[in-house]
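Trainee: can't give you the sequence, but here's the structure:
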């Protein structure tokens, strides 16, 4: 019997677990960790009381959050919970909207009008985690000052001031950088900015894409990651000719195994989606009207397209905060386990933060909503209270596709942990399937398709997960 099969046998046949399979989880007392080393020395935080002055444009100056996404919304809620928001907190955003649950933009927001698309104010934070809907009125009621459509252009860390695009000067006592990421773009010289070419990071981007989809006939999605998968599934809801192009050998190669990718690719093909795998793009070509009309591939062939969505990744939005210290390996702003930067009183959370991933003993950046929520809450609690325990995060990713009204099958996969080691795949994808990553006898990662809400908690507690697998006949007899 192979080491992997032995490990799975112990998972399926023993409670408590025996035979040497150490089920890995972030709070396991048997897991020995050491703190990742860092060249940046983090000092204790000193928050200064800010004296009122007419030279500053913000009334609330004790705490300032820069950014208008998930992390900002959840940080605001935590300030309110601690009674430290009213008259003290200011949020500065480049967007026109109060913080919202950004994942909706590539899911329900893109549904056609006859399939009940998501719209604001329906998905303001913090509804994604079952919390209160924080509309613009909510921020007013809580005494939180909001500055919209006026991004920060510079920072003076000595004077503790920010300059925003309008030229106004803001003062802060403690600063939380929650700027997230920007979409990776094709260069203009190869057509990356042609009309009909779209990138999705905010509501305005999504609105522009919806306008194109309403008139489109042939859609091409560039990128085989989860953003590309979600946008392609939404295009199917519009009954459009849809093709996904990517240079890798299979869909979502950084996470899915080849066999798992094949199952999802077959599902997409059943919905009419075509794939061009292992190809490169030379340039995007415009038609006589100046809009994108085709894509020229590396081999010289072309594919027609009147709407192109680029989903090739994202870059941490560090500007203009480079002065607080960047991480050269994973990008983003370097922080410690309490999300403190190298400059006292300045913090960074969410996608932009390069933090110690304690369970793996390495520095990481995580671009997903679960981390944005949790990091923001942890940071604010550490800032406002005596909390000193460092962030101990179990990476979690999920995606939902084909969820619109009338879809023959709704898909929801969830991944916990790390995709390292050998894999065991259980189930037939009709609809459930589970993939386990096992390394040196330890369960390192789990991907579950079509699991119920209870599976989320089960996956964080592996013994309960084993019970669930037995109950749905996912585990084979050994």
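Mentor: Alright, I've got the coordinates. These numbers come from a predicted model, not from an experiment. Numbering: from 1, shown residues only.
Trainee: does residue 91 belong to a helix or a strand, and which?
Mentor: Residue 91 is part of strand 89-92, with elements assigned from DSSP states H and E.
Trainee: List the buried residues of the following helix or strand past that strand.
Mentor: Next along the chain after strand 89-92, taking DSSP H and E as the criterion, comes helix 136-141. Neighbour-count burial for helix 136-141, counted by 16 or more other CB atoms under 10 Å, picks out 138, 139. Yep, even glycine has a C-beta here, placed from its N, CA and C like the rest.
Trainee: residues near the nearest residue to residue 321 once chain neighbours are set aside, how many?
Mentor: The shortest distance from residue 321 to any residue that is not its chain neighbour, by CB to CB, 6 or more residues apart in numbering, is 5.5 Å, and that residue is residue 177. Applying other CB atoms under 10 Å, we find 28 residues neighbouring residue 177.
Trainee: Test my guess that residue 231 contacts residue 311.
Mentor: Yes - Residue 231 lies in contact with residue 311 (CB atoms under 8 Å); the separation is 6.2 Å.
Trainee: who has more neighbours, the two?
Mentor: More neighbours sit around residue 231 than around the other of residue 231 and residue 311, counting by other CB under 10 Å; the figures are 28 against 25.
Trainee: distance of residue 114 from residue 236?
Mentor: Taking CB to CB, to the nearest Å as the measure, residue 114 falls 14 Å from residue 236.
Trainee: higher neighbour count, those two?
Mentor: In terms of neighbours (other CB under 10 Å), residue 236 is the more surrounded of residue 114 and residue 236; the figures are 19 against 11.
Trainee: And what about the more buried one, helix, strand or coil?
Mentor: Using DSSP: H, G, I helix; E, B strand; the rest coil as the criterion, the local structure at residue 236 reads helix.
Trainee: Make 25 the starting number, not 1.
Mentor: With the count now opening at 25, the last piece we talked about shows up as residue 260.
Trainee: contacting residues around it?
Mentor: 266, 295, 296, 297, 426 (CB atoms under 8 Å, 6 or more residues apart in numbering).
Trainee: Highest neighbour count among these?
Mentor: Neighbour counts for these (other CB under 10 Å) peak at residue 266, which has 25 neighbours.
Trainee: Could you pull out the helices in this protein for me?
Mentor: In order along the chain, the chain carries the following helices (DSSP state H): 27-37, 94-105, 160-165, 227-237, 250-261, 282-294, 393-408, 477-484, 486-495.
Trainee: mind checking which of those is nearest residue 447?
Mentor: helix 27-37 (7.6 Å; CB to CB).
Trainee: mean confidence for that closest one?
Mentor: The predicted model gives helix 27-37 an average pLDDT of 46.
Trainee: can you check stretch 461-473 too?
Mentor: Here the mean pLDDT over stretch 461-473 is 92, rounded to a whole number.
Trainee: How far off centre is that stretch?
Mentor: Between the mean C-alpha location of stretch 461-473 and the chain-wide mean there is a distance of 21 Å, by CA atoms, centre = their mean, to the nearest Å.
Trainee: May I see the buried residues of it?
Mentor: Applying a neighbour-count criterion of 16+ other CB under 10 Å, one finds 461, 462, 463, 465, 466, 467, 468, 469, 470, 471, 472, 473 buried in stretch 461-473.
Trainee: what's the answer for stretch 139-153, then?
Mentor: Judged by neighbour count (16+ other CB under 10 Å), stretch 139-153 contains these buried residues: 139, 141, 142, 144, 147, 148, 149, 150, 151, 152.
Trainee: Can you add distance to residue 437 and give the contacts of residue 260 back as a markdown table?
Mentor: A markdown table is the format used below for those (distance: CB to CB, whole Å):
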| residue | distance to residue 437 |
| --- | --- |
| 266 | 20 |
| 295 | 16 |
| 296 | 21 |
| 297 | 17 |
| 426 | 12 |
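Trainee: hang on, the earlier thing: can you list residues touching both of residue 255 and residue 335?
Mentor: Taking CB under 8 Å, 6+ apart as the contact rule, the neighbours common to residue 255 and residue 335 are 224, 245.
Trainee: looking at the protein, which helix or strand is least sure?
Mentor: Scoring the helices and strands of the chain by mean pLDDT, DSSP states H and E places strand 46-47 at the bottom, with a mean of 36.
Trainee: can you pull the contacts of the residue lying closest to residue 347 once chain neighbours are set aside?
Mentor: Ranked by CB to CB, 6+ apart and with sequence neighbours excluded, the top spatial neighbour of residue 347 is residue 181, at 6.2 Å. Under the criterion of CB under 8 Å, 6+ apart, the contact list for residue 181 reads 347, 348, 367, 370.
Trainee: quick one: which of those residues is most hemmed in?
Mentor: Looking at the contacts of residue 181 with neighbours defined as other CB under 10 Å, the largest count falls to residue 370 at 24 neighbours.
Trainee: That residue and residue 270, how far apart?
Mentor: In this structure, residue 370 lies at 38 Å from residue 270, with CB to CB as the measure.
Trainee: do residue 408 as well
Mentor: Note on residue 408: its distance to residue 270, by CB to CB, is 44 Å.
Trainee: okay, these two: which has more neighbours?
Mentor: In this view residue 408 and residue 270 are compared by other CB under 10 Å, and residue 270 has more residues nearby, 24 against 17.
Trainee: Look up phi and psi at the residue nearest to that one when sequence neighbours are not counted.
Mentor: Excluding its sequence neighbours, the residue lying closest to residue 270 (CB to CB, 6+ apart) is residue 248, at 3.3 Å. Main-chain torsions, residue 248, degrees, to the nearest 10: phi -110, psi 20.
Trainee: Please tell me I have it right and residue 248 contacts residue 273.
Mentor: No - here residue 248 does not reach residue 273: they are 9.6 Å apart, not a contact under CB under 8 Å.
Trainee: So those two - more neighbours on which side?
Mentor: Shown here are residue 248 and residue 273; by other CB under 10 Å, residue 248 has more neighbours (28 against 11).
Trainee: re the thing from before, please identify which pair of the buried residues of stretch 461-473 lies farthest apart.
Mentor: Greatest spacing in the buried residues of stretch 461-473, by CB to CB: 465 and 473 (25.0 Å).
Trainee: Mutual contacts of residue 248 and residue 273, please.
Mentor: With CB under 8 Å, 6+ apart as the test, residue 248 and residue 273 both reach residue 301.
Trainee: which non-adjacent residue is nearest the residue most central in space within the chain?
Mentor: With distances taken as CA atoms, centre = their mean, the residue of the chain nearest its centroid is residue 392 (1.9 Å). Leaving aside its chain neighbours, residue 392 sits nearest to residue 421 (5.2 Å; criterion: CB to CB, 6+ apart).
Trainee: Contact partners for that neighbour?
Mentor: Residues in contact with residue 421, defined by CB under 8 Å, 6+ apart, are 250, 279, 392, 394, 438, 439.
Trainee: what are the bridge partners for it, then?
Mentor: Under the criterion DSSP bridges, residue 421 forms beta bridges with residue 439.
Trainee: what sits against residue 240?
Mentor: Under the criterion of CB under 8 Å, 6+ apart, the contact list for residue 240 reads 259, 262, 264, 330, 331.
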